[in-house]
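**Student:** The following comprises the amino acid sequence and a computationally predicted model.
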Amino acid sequence: MYEFSQLGWLKHVIFHPVEGYDDLRWKKKGSMKIALVIVLLLFVAMVVKRQLTGFQFNNSYVKIFNIVPLFVQSIVYFFTWVIANWALCTLFNGEGTVKRICIYSAYALVPYIVGTFLSVFISNFIVSDEIVWMNVIYYVGLGWSVVLMIQAIRTVHQYSFPKTILSIVFTLVAMLIILFLLVLLISLFQQVYVFIASIYTELTYRFRG
Amino acid sequence: MVSRMKKMFKNIVSVGLALSITAAMSVTSYASEPYVSYNYDAWGDAIPSQSGYRVDETITGYEMELDKLADPKSDLFISEEEPTDLSGASDIFYEESLKEFWIADSGNDRILRTDSNLKVIGCYKGVTGSQTSLDAETGLSTFSNPTGVYVNIDKTTNKPVIFVADNKNARVVKAAIESKNSAVCTLEYTKPDSELYANASETFNPSKILVDSAGILYVVVSSVTTGAVVFDETGEFTGFYGANRVEQTAAVIRQAIWRKFASNEQIASMTRNVPVEYANFDIDSEGFIYTVTEAANASTDAVKKLNPAGENIWNTATGNEYEFGDLTEYASVDTGSFLSRLTDIVVDNDGIINLLDYETGRIFQYTQDNDLLFIFGSKNSTSDQKGTFTAPNGIEAVNEKIFVIDGKKNDITIFVETTFGKYVHEAAALYEKGLYEDAIDPWNEVIKRDGGYSLAYYGLGKAYLNTGDYEKAMEYFKISVSKRSYDRAYQYDRDDFLRANFTLIIIILLIIIVAIIVLRRLIKKGKIKLPKIRKKPQKEGK
């Protein structure tokens, strides 16, 4: 059986999509620190993709740079994914804990992040006739990450393949619900805040008068 | 004594300075236009821009000296009751060889002829030699709501020939001009007898007309949706020209699907989807016909450039994007429920296209490549200012001036190009001819006056691309956000770089390969130790 350092395990998982996660689970390895760094790198990758893609390929609206959507699309989505998946799969005999789901999912993101960085780098040296190189790298990274993610969920919950796919679909639905509730909650609290603030203003006027 | 002298001198100097400053201020202060000039950037955002045109003057019936028509002492006298103002004027046409304006004064049922300063030199209430709409007193076949006018010169007699779209009399009159107020009808185009026309429309009320160099007459009839009605030089109806397409809205697509299932009776009861007819057109010196569709917010075929076969050259389906008029609702004017309604188009001798928007009162000026040059003019706000319109009906471009005729304010507004506009036109004309390098100087002058004018940066980029200064070209294309051109400049730049540094690149590659081989050897021999990812296998059962 293998013995690696934490980074070695990451490498092993990525390059062994079939049994990598099984080994990781069997050995009870995987580092939360590395997982969090990966999620942070995902965020960085999204910012880099928006800001540093070669001029002729960059379709983003460069007049305004708003970091919030990028933050939501990377970090918030990731943790919503983890929580939704955990909440759903514990109900359906999944064996994963929050920590493990988080680590395994984060490990699966690495090819996508690498693919994004590479394609952004290449985009600065190619002309639009050669755009296929950029796309190939990006989509290979994406596809690889999808495969890894399916493996991660399958392993962490010890599901069969069809059940994994089903759980992923329902996790996406659960993410939607969570985000919807979150937005609702935020707007409700905003109203409560406005209400309290207006009472406070009213009172200050009364007492001053 | 000396100090006193000094003091006096000081006073004089200070007063003098103060005076000169006020004088300078009075020189620089000027009445600005009653609207904000703007332009669209690469993202379709409206950004403020220098104005390319300023309002020169507004001409009413008084300035046109229309009172001469009612003055018995004048040689232009027609009758005491002749109106001395314009009324609902709907078309203005400039005849280049005569240097005369011809105005369809629709509300007063007459055609006015003026010199290049818009002073009246002739007035036509009707023509002789026709029985239609005959006035028993004068013997004239009078006009009734003439909405379109076109003039050219007869090649044999060298006399002007006038074409009038006599809207309410359902005819187009071709008449030879005899004098200041008389014209002899030589041909009358009436409703065609053919079945083809009967299928298209039951009425024939011409609104705008156009004659090409071969003498073929094109008539816009508002009830005909299959294009302009075409008559040959003998007055024979020959067909239709350049129909618009139906705009693909959701309702149209839904109906197209329903038609597949519906019975014949149901289909008969459905509304027909017909294209919107075009409102106006113009012909350029090369014989291309430009049409404009007045339907509110039309996106399909809003503006077309038709070749002699009636095909649209500015077709978005061929790959290039053609956009005309306002892209977004620009905040300075309350536009009501519609964004834009393009009502008239005019192409000047340099091929510059001016569009008149009835809804917002704005004039949009484009080059032949659909590059937006200027937007100016405005709808009336609360006050009746120069340069604002109530019912802008027609537009005409003569050299550096633009004439807009207003059917409710009954005046003609003259815009004249500014210095900025002059530089832009100069540069655009050179650019259009492909003389990119010659355009560098005027483009730089443009940027000096408006640093946000992105077409100038594009022009400069093109110029430097032509001269082989690819890095400078890339810089300018980046500012003007023209990705395709940037891509080309970058490709040339990269080719140059690779060609110049080919040996160096090969050497560096060889060095790297050798270094990797050497390093591997050294690692194998254990002379260099790498931090290990793989731990040594631990003992079982730990």
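**Tutor:** On my side now, so go ahead.

**Student:** Show me where the stretch 351-500 of chain B dips below the pLDDT cut-off.
**Tutor:** Where the stretch 351-500 of chain B drops to pLDDT under 70, the residues are B:381-383.

**Student:** need the contact list for B:Thr390.
**Tutor:** B:379-380, B:406-409 (Cβ atoms under 8 Å, 6 or more residues apart in numbering or on different chains). Every residue, glycine included, has its C-beta placed from N, CA and C.

**Student:** and the gap between it and B:Met270?
**Tutor:** Using Cβ to Cβ, to the nearest Å, one gets 39 Å for the distance from B:Thr390 to B:Met270.

**Student:** so how far is the host helix or strand of B:Asn354 off the chain centroid?
**Tutor:** Taking DSSP states H and E as the definition, B:Asn354 sits inside strand B:353-357. In terms of Cα atoms, centre = their mean, to the nearest Å, the centre of strand B:353-357 is found 3 Å from the chain centre.

**Student:** before we move on, what about stretch B:78-98?
**Tutor:** 24 Å.

**Student:** moving C-terminal of the strand holding B:Asn354, what's the next helix or strand?
**Tutor:** That would be, after strand B:353-357 and using DSSP H and E, strand B:363-366.

**Student:** So which elements touch the helix or strand just after that following strand?
**Tutor:** Counting by DSSP H and E, the next helix or strand C-terminal to strand B:363-366 is strand B:372-376. If you count contacts as 3 or more Cβ pairs under 8 Å, 6 or more residues apart in numbering or on different chains; DSSP states H and E, strand B:372-376 packs onto strand B:38-40, strand B:363-366, helix B:419-432.

**Student:** contacts for strand B:372-376?
**Tutor:** With Cβ under 8 Å, 6+ apart, strand B:372-376 has contacts from B:33, B:35, B:37-40, B:49, B:51-53, B:352, B:362-367, B:387, B:415, B:421, B:424-425, B:428, B:455.

**Student:** Next, the angle from it to strand B:353-357.
**Tutor:** For strand B:372-376 against strand B:353-357, the angle by axes from the mean of the first three to the mean of the last three Cα atoms, to 10 degrees is 40 degrees.

**Student:** Out of the helices and strands packed on strand B:372-376, flag the one nearest chain A.
**Tutor:** strand B:38-40 (13.6 Å; Cβ to the nearest Cβ).

**Student:** Now tell me what touches the closest one from outside.
**Tutor:** So strand B:38-40 is contacted by B:46-49, B:327, B:330, B:372, B:374-375, B:452-454 (Cβ under 8 Å, 6+ apart).

**Student:** which one of the residues you listed sits closest to chain A?
**Tutor:** Once Cβ to the nearest Cβ is applied, the member of those that ends up nearest chain A is B:Ile47, at 10.3 Å.

**Student:** Report the residue spans of the stretch 51-200 of chain B with pLDDT below the cut-off.
**Tutor:** Using pLDDT under 70, the stretch 51-200 of chain B has no residue that qualifies.

**Student:** swap that for chain A, please
**Tutor:** In chain A, residues with pLDDT under 70: A:1, A:209.

**Student:** could you pull out the strands for it?
**Tutor:** Per DSSP state E, chain A carries no strands over any range.

**Student:** which parts of it sit against chain B?
**Tutor:** For chain A, the contact set with chain B under Cβ under 8 Å from any Cβ of the partner chain comprises A:2-5, A:7-8, A:11, A:55-56, A:61, A:63, A:125, A:127-129.

**Student:** Report the mean confidence score over stretch B:520-530.
**Tutor:** Mean pLDDT, stretch B:520-530: 80.
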